[in-house]
Each structure stands twice: as structure tokens, then as C-alpha cells.
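*Asks:* Give me coordinates for this.
(one chain, ligands or ions: 2)
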Amino acid sequence: MALVSVRRVATYDPEALYRSVCQHFDALHVADELTPNTRVLLKPNLLAGRDPAFAVTTHPALLRAIARRLRELGVTHITLADSPGGVYTAASLRRVYAACKLSSLADVLTLNEDNAYGEKNGFSIIRPVLEADFIINCPKLKTHGLTVMSAAVKNMFGSVPGLKKPEMHYLKPTVDTFAATVLDICETVKPHLTIMDAVDCMEGNGPGNGTVRAMGYTLASRDVYAIDEAGVQLMGIRPILAPLIRLARKRGLCDPAAIETAGDTLVPANPPFTLPDTIITREHSLTPNGIFRLLFGRKRTYPLMVPEKCIGCGRCAESCPRHLIDIIDRKAVIARKGCISCFCCQEMCPVNAVDTARKQP
Ligand code: SF4
Ligand code: SF4
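*Replies:* Numbers count the residues shown, from 1 in each chain. Ligands and ions are numbered 1, 2, ... in the order given. Presented below is the predicted three-dimensional model:
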């Protein structure tokens, strides 16, 4: 059986989070695996430099609570590392840490500024992940325009450095091939423990531009696939809609019947999380109407720039794996031909200036 520890935590109150982390550590016997010399890595979701109030990134208060517990257990080597969207440099990491209010954690852990990476199983992986003895995956529970859900498994894709991530979208342009690659990466850098920030989650146009949905939980598990099953249940979304969950089950990495929970009761969202605009078509393809559309002309979703909102920052252009976006007169302009509907552009836009449009493929 795979165990998922569930704790209700209504807000980011430091003491309440600390208590939940201690309960997770006890339930999962985490202390048994740690010594003073264990090099522990915290791998948060740092998609982009956003204030924690927007629920785009893992909240610093949860990361502090984890570091506090680790230090009490005598662990001295605690590093926080991730590769946010865009370029992967010391300067860009510092900017993201500051915007995400992580700089204040420097008294309890080391904020990685090393942009080196190595290779493992054919994937480029940032060095702190390769060098860690014990990886604690710290995802945020969110919707995602391509993979429907961004949680534990998807968070490990952030082990790929900077602009190597759009390259992978280019090489794996369909949802299924991309999901298979994300799963391969997760198997390559499998976390020893996952502690999920599901206090304030994101619904709608996640992972970067959705709306905050307060759920009031932290979840933890040794099993990265089992915790995603609990996450999708919490979102109230049918698991079949989430490609990473479908594929993990198909590969035999997860058996939902062999998951047990401990701690508090997990109450699914009611109403369920609003899905991203980009995948509503895909959900409808499982309904009678959608099957009709599949047979007689299913529409595909494409990005649509909103010039009134665009500030011409160029982050969408930098992240587009097909190099289809130009900045003209300080506005983003997309050439749709060749677009693979990966929505990296929408994910990286800081002002929600990338909308969606549908047309026949
Ligand atoms: S335009 Fe946007 S959705 Fe299309 S390939 Fe580029 S990043 Fe992906
Ligand atoms: S669409 Fe968004 S990411 Fe692209 S240039 Fe405009 S503001 Fe920046």
C-alpha cells in the first residue's frame, strides 16, 4: 500500500504549517532516513517570479516549516533549487527568489545560484538535484493548460534547466508524448518524499494565470504517483482527464486501489476546480458532443494575444519552442502556423495577456 498523509491547514500560519510538517514526518517515518550529513534538496515549484499570494509558486512559509523540522533533526545541508521558466542564470534565480519572497529563507537553507547541470538517462538535469542524497519535492497543486494538473510528478520537470524545457516541448509536441517524457524525467530524479502545498491552490488558467482556490491542506507521501492521485481527488477532477495520472496507471506505476490515507479526511472540491480554457475541448471529447466533434471536425485550441494587456516583456517569445512569437512595437505577435498548442507562452506571461482561441486543425 502507498500511504498519503493528509493534514488540514487553513492558512499559511507558520506554527500550523510546522505542526502539519511534523505530523507528515512522523506518519512517513522520515527521520529514519536522515543523518547530519544527508544532503537534502527542497524542490519547490518556482514557475516564475510571482508573489506567493497568486498561488503560482510553493509558499515560502511551508518551505520554512520543512527546513525548520529538518534542522531540528540535525540536518545541516539543506538546499533549495528549481529551474524556473526562461533563462537559468544566477541573476534570474535571484530575481525569482526575491519576487517569490524566498530570500528570507536564507537563514535556514541555501538558495541555489549555481546554473550548472549534468546528464542522467539522456536528460539534462540541474546539478543540485543530481547531487542530493534526499529530494523533497514541494509542489503547488494547480491546474495546467497542457497536462490538466500540475502537482508532484509535473513538478519534477523543473529539474530540467532553463530553455532546455521548451526544447523538450519541441521534441514531444503532443500531450501524450510530452506526458511520457515528464514521467521518464520523474523516474530519473524520483523524489524520496513529496510535501504538497494545497493550502491555496490554483484553478482555471493554471499554472501561471489561474485564480486562487483555497483548499486548506498539506499532503505528503513517499510515493510521488499516489500523492498526485490524492491531489486530483482533492481538485474534484476525473483522473482520466489528467494525462500524467492516466499514463502512470498504464505503466503500472500507480494502483489507485492500493493507496491509503492517514490523518485528516480529504474532502474533494465542490464544485470541482474550474479547468483551463485550453483543455475544455479535450474534456468535451469524452462526452457525446465531443465524440461528434472528433468525428466531424474537432476544434483545436491556440494562443491568442491580447494587445491591450501585453507589456512587450518578451517572455512568451523566449519560451516558445517553435520560435513563433515576435515582439513588434512592444507587443507580442504570434504566427500560428506550426504552433503545437503547448501554451508555454501563456504559462510564462506575467500579465495574463495570452488568451485562447479555437479553430479547426
Ligand atoms: S505559440 Fe505558444 S502555444 Fe504555440 S508553440 Fe509557441 S509557446 Fe507553444
Ligand atoms: S504576451 Fe505576455 S509574455 Fe508575451 S510579451 Fe506580452 S506581456 Fe510579455
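*Asks:* What pairs with the host helix or strand of residue 3, parallel or antiparallel?
*Replies:* Assessed by DSSP states H and E, residue 3 sits inside strand 2-8. Sheet pairing for strand 2-8, assigned by DSSP bridges, gives strand 211-221 (antiparallel), strand 259-263 (parallel).
*Asks:* next structured bit after that strand?
*Replies:* Per DSSP H and E, the first helix or strand lying C-terminal to strand 2-8 is helix 14-27.
*Asks:* what helices or strands is that next one leaning on?
*Replies:* With contacts taken as 3 or more CB pairs under 8 Å, 6 or more residues apart in numbering; DSSP states H and E, helix 14-27 sits against strand 2-8, helix 60-72, strand 193-203, strand 211-221, strand 259-263. Any C-beta I mention is one placed from the backbone N, CA and C, and that applies to glycine too.
*Asks:* Please identify the most buried of the ones you listed.
*Replies:* strand 193-203 (a mean of 26; mean count of other CB atoms under 10 Å).
*Asks:* pLDDT averaged over that one - what is it?
*Replies:* The average pLDDT for strand 193-203 rounds to 99.
*Asks:* could you say what helices and strands that strand packs with?
*Replies:* Applying 3+ CB pairs under 8 Å, 6+ apart, one finds that strand 193-203 contacts helix 14-27, helix 60-72, strand 134-138, strand 140-144, strand 211-221, helix 224-235.
*Asks:* does residue 208 sit in a helix, a strand or a coil?
*Replies:* Classification of residue 208 using DSSP: H, G, I helix; E, B strand; the rest coil returns coil.
*Asks:* neighbours around the nearest residue to it once chain neighbours are set aside, how many?
*Replies:* Nearest in space to residue 208, with sequence neighbours left out and distances taken as CB to CB, 6 or more residues apart in numbering, is residue 347 at 4.7 Å. Neighbour count of residue 347, defined by other CB atoms under 10 Å: 24.
*Asks:* Now residue 347: which helix or strand?
*Replies:* Residue 347 is part of helix 344-348 when elements are defined by DSSP H and E.
*Asks:* Now that helix: average pLDDT?
*Replies:* For helix 344-348, mean pLDDT rounds to 93.
*Asks:* And the residue nearest to residue 352 when sequence neighbours are not counted, how close does it get to residue 166?
*Replies:* Leaving aside its sequence neighbours, residue 352 sits nearest to residue 209 (CB to CB, 6+ apart; 4.3 Å). For residue 209, the distance to residue 166 equals 18 Å [CB to CB, to the nearest Å].
*Asks:* if we can go back for a sec, show the contacting residues for the residue nearest to residue 352.
*Replies:* Residue 209 sits next to 346, 347, 349, 352, 354 when contact means CB atoms under 8 Å, 6 or more residues apart in numbering.
*Asks:* Return the members of the residues you listed classed as buried.
*Replies:* 346, 347, 349, 354 (16 or more other CB atoms under 10 Å).
*Asks:* what about whatever residue of the stretch 51-200 of the chain ends up closest to ligand 1, is that helix, strand or coil?
*Replies:* Of all residues in the stretch 51-200 of the chain, residue 169 sits closest to ligand 1, at 6.7 Å by CB to the nearest ligand atom. Assigned with three-state DSSP, residue 169 falls in the helix class.
*Asks:* Could I get the contacting residues of it?
*Replies:* Contact analysis of residue 169 by CB under 8 Å, 6+ apart lists 178, 321, 340, 342, 344.
*Asks:* Over to residue 11?
*Replies:* 199, 216.
*Asks:* quick one: it from residue 264, how far?
*Replies:* For residue 11, the distance to residue 264 equals 15 Å [CB to CB].
*Asks:* And residue 325, by the same measure?
*Replies:* Separation of residue 325 from residue 264 (CB to CB): 45 Å.
*Asks:* Equivalent analysis for residue 225, please.
*Replies:* Distance check for residue 225 against residue 264: by CB to CB, it reads 21 Å.
*Asks:* got it, and residue 125?
*Replies:* Distance, residue 125 to residue 264, by CB to CB: 35 Å.
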